[in-house]
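Chemist: Requesting a structural model of the entry that follows:
(chains A and B)
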Amino acid sequence: MAKYMVDEALCQAHGRCYAIARSVFGPDSDGYEKDAGKGWVDIPPERLAEAREAENACPETAIRVIEGD
Amino acid sequence: MKSVDYETEFDLDAPDFPAKFDEVSQEVLTKCPIVQSPALGGYKVVFRDEDIRAVAKDWQTFSNRFGYEPNRNGDDNARLFPLEIDPPYQARWRSVLGTHLGARAVATKEPSIRAHVNDLINDFVGAGECEFVEAYASQLPGRMFFSTFLHVPLADLAYVQKATDEAVSLPIAAGESTEEYAERRQAGWNRVAEYLEEYMRKREEEPPRGDIVDSILQGVELDDGEQAPWKHKLFVMLDVLAGGMTTTTFVLAGLAHFLATHPEDRARLAADPSLHTNAIEELLRYYASILALGRTAMEDTEVGGCPVKKGEMLMLAYSVGCRDPQIYDRPNEIDIDRKISSNLAFGWGSHRCPGNSIARLQMRITMEELLRRVDGLELAGADSNQISHSTVTRNWDTLPVKFTPGAVESVEFVEEEV
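Modeler: Numbering: from 1, shown residues only, chains lettered A, B, ... in the order given. Here you go, the predicted structure:
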């Protein structure tokens, strides 16, 4: 399955990812991505395209999306 | 660089490049976005924002494991991790660093950093003049890492700083060969490594404090599932320490240089703190401290329409990319209202600077306290020959300033919570 990872050292809580792909990304109580620093998280296949879009929109290049294992 | 043929003679270490940085940057960005340099055994330099981002993001094609600059000789005593490794192993170390260097974690250090900022200002504020690099810009980053993050004695700072300078920021000497220069840099790294190793051995014997040192000592898994060896932990400590010293010194000096040379902006910033965040992003762009960092092509490919051969090193000139006229109108001017959608000053892709939040916070607190405590700041010398280059970093060597003498304030150092 495809996976994403949010680099906690880079996330600055801009919120672009969960504005673009709310079904994949989301804010924690301070606006940082909720899974920042938690390693690889699965992406359902039908959400991959929007996850990629969010990856490309992150101004801090904090999101990494990989396909396959 | 007087009438250099950029296609064949470009050299990141050319002695007159720093003084002509603005014009040379525009010339290469508009005329030859990628050049081949004969220096340091040969490397290519990538200048344009778009090309830099494309290479930096593609870690499969452009690897970091052959070193961050030409002539890293593979000496395994002092490498820099996670800079000189690739994902997925690299990503596991990034997670460790993110826990301690991310924006949320760093925000808790603000009282400690502010105490150091005001303590350093106390040392020069009464005199009405100082050499800002020596008095402040080179001091704060070291104090941050030693006191706020690593909790090691400040008394050791001068020794480690000198060794780090030797490894990172001292330019090639007149008459020195490329090989001698590379050896001198490696010797500097080895001295920093020896110091850090002794500290890490000591910490390993002590009860854990829950700080970044403990997390690094705990380690991560290699790609084959084995535990990372001791040396790799040392290489991560080296990267954390070295990555934040010279680089932050440069942007802090840049901030003071800006305040001293832009009195109208200074007045606006003093009157309206809501302008600070945007202004700092612009200052990080204009005074970008990483001259260039390298990747090695893993296959024959092309960048910006130019062929690149397998094994070639590409130096990504982030500081030049930050002046790309395709992205920025009037790129050689500081416009504190400029909206920067995404800052190239910290690099791009999986190796983007993990200490960016610390740099941004040091910049913000320094701006606030200089505006509050140092009135009438202006340059005390000629506005030239202040900067040198050393392959990967831009270095601010000297910045004499004068100002209205101010009062010493009492500073309370906070006991660190880790």
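
Chemist: Skipping adjacent residues, who's closest to residue 37 in space?
Modeler: Reading this off chain A. Closest residue to residue A:37 apart from its sequence neighbours, by CB to CB, 6 or more residues apart in numbering or on different chains: residue A:8 at 3.2 Å. For the C-beta atoms, the positions are set from N, CA and C on the backbone; glycine is no exception.

Chemist: sorry, should have said chain B
Modeler: That would be residue B:10: by CB to CB, 6+ apart, it lies 4.9 Å from residue B:37.

Chemist: So the one you found sits against residue B:25, correct?
Modeler: No. Contact criterion CB atoms under 8 Å: residue B:10 and residue B:25 do not qualify, at 11.7 Å.

Chemist: Between these two, point out the one with more neighbours.
Modeler: residue B:10 (25 against 22; other CB atoms under 10 Å in any protein chain shown).

Chemist: got the residues of the stretch 51-200 of chain B near chain A?
Modeler: The stretch 51-200 of chain B comes close to chain A at residues B:57, B:87, B:91, B:94-95, B:97-99, B:101-104, as judged by CB under 8 Å from any CB of the partner chain.

Chemist: Kindly provide the distance from the residue nearest to residue A:37 to residue A:56.
Modeler: According to CB to CB, to the nearest Å, residue A:8 and residue A:56 sit 20 Å apart.

Chemist: With neighbour numbers in mind, choose between the two.
Modeler: residue A:8 (27 against 13).

Chemist: how many neighbours does residue B:109 have?
Modeler: Around residue B:109 there are 20 residues (other CB under 10 Å).

Chemist: same question, the one 4 residues further on
Modeler: Applying other CB under 10 Å, we find 22 residues neighbouring residue B:113.

Chemist: So which residues of chain B form strands?
Modeler: Assigned by DSSP state E, the strands in chain B fall at B:34-37, B:43-46, B:62-63, B:129-131, B:293-297, B:301-303, B:306-308, B:313-316, B:378-379, B:387-390, B:393-396, B:400-402.

Chemist: Dump those strands into TSV; add mean neighbour count as well.
Modeler: Below are the strands of chain B laid out as TSV (neighbours: other CB atoms under 10 Å in any protein chain shown):
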stretch	mean neighbour count
strand B:34-37	20
strand B:43-46	24
strand B:62-63	21
strand B:129-131	17
strand B:293-297	22
strand B:301-303	17
strand B:306-308	15
strand B:313-316	25
strand B:378-379	14
strand B:387-390	21
strand B:393-396	24
strand B:400-402	19
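
Chemist: Mean pLDDT for the ones you listed - can I get that in a markdown table?
Modeler: Formatted as a markdown table, the strands of chain B follow (pLDDT from 0 to 100):
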| stretch | mean pLDDT |
| --- | --- |
| strand B:34-37 | 92 |
| strand B:43-46 | 96 |
| strand B:62-63 | 97 |
| strand B:129-131 | 98 |
| strand B:293-297 | 97 |
| strand B:301-303 | 96 |
| strand B:306-308 | 95 |
| strand B:313-316 | 97 |
| strand B:378-379 | 97 |
| strand B:387-390 | 94 |
| strand B:393-396 | 96 |
| strand B:400-402 | 98 |
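
Chemist: mind checking which of these is nearest residue B:413?
Modeler: strand B:129-131 (21.9 Å; CB to CB).

Chemist: on contacts alone, who are the packing partners of the closest one?
Modeler: Contacts defined by 3 or more CB pairs under 8 Å, 6 or more residues apart in numbering or on different chains; DSSP states H and E place strand B:129-131 against strand B:400-402.

Chemist: Show me what the strand it packs on is packed up against.
Modeler: Using 3+ CB pairs under 8 Å, 6+ apart: strand B:400-402 touches strand B:129-131, strand B:378-379.

Chemist: Would you mind telling me which of the ones you listed is nearest residue B:109?
Modeler: With CB to CB as the criterion, residue B:109 lies closest to strand B:129-131 of those, at 25.2 Å.

Chemist: I would like the residues contacting the helix or strand following that closest one, please.
Modeler: Counting by DSSP states H and E, the next helix or strand C-terminal to strand B:129-131 is helix B:132. Helix B:132 is contacted by residues B:253, B:256, B:399-401 when judged by CB atoms under 8 Å, 6 or more residues apart in numbering or on different chains.

Chemist: For helix B:132, the averaged confidence score.
Modeler: In this model, helix B:132 has a mean pLDDT of 98.

Chemist: for residue 40, what are its contacts?
Modeler: You didn't pick a chain, so chain A it is. So residue A:40 contacts A:3-5, A:66 (CB under 8 Å, 6+ apart).

Chemist: not what I meant, chain B
Modeler: Listed by CB under 8 Å, 6+ apart, the contact partners of residue B:40 are B:13, B:69-71, B:178, B:182, B:391.

Chemist: Drop anything exposed from these.
Modeler: With burial judged by 16 or more other CB atoms under 10 Å in any protein chain shown, the buried subset of the contacts of residue B:40 is B:13, B:69-71, B:182, B:391.

Chemist: With respect to chain A, which of those residues is nearest?
Modeler: Proximity of the buried ones among the contacts of residue B:40 to chain A (CB to the nearest CB) peaks at residue B:69, which lies at 21.8 Å.
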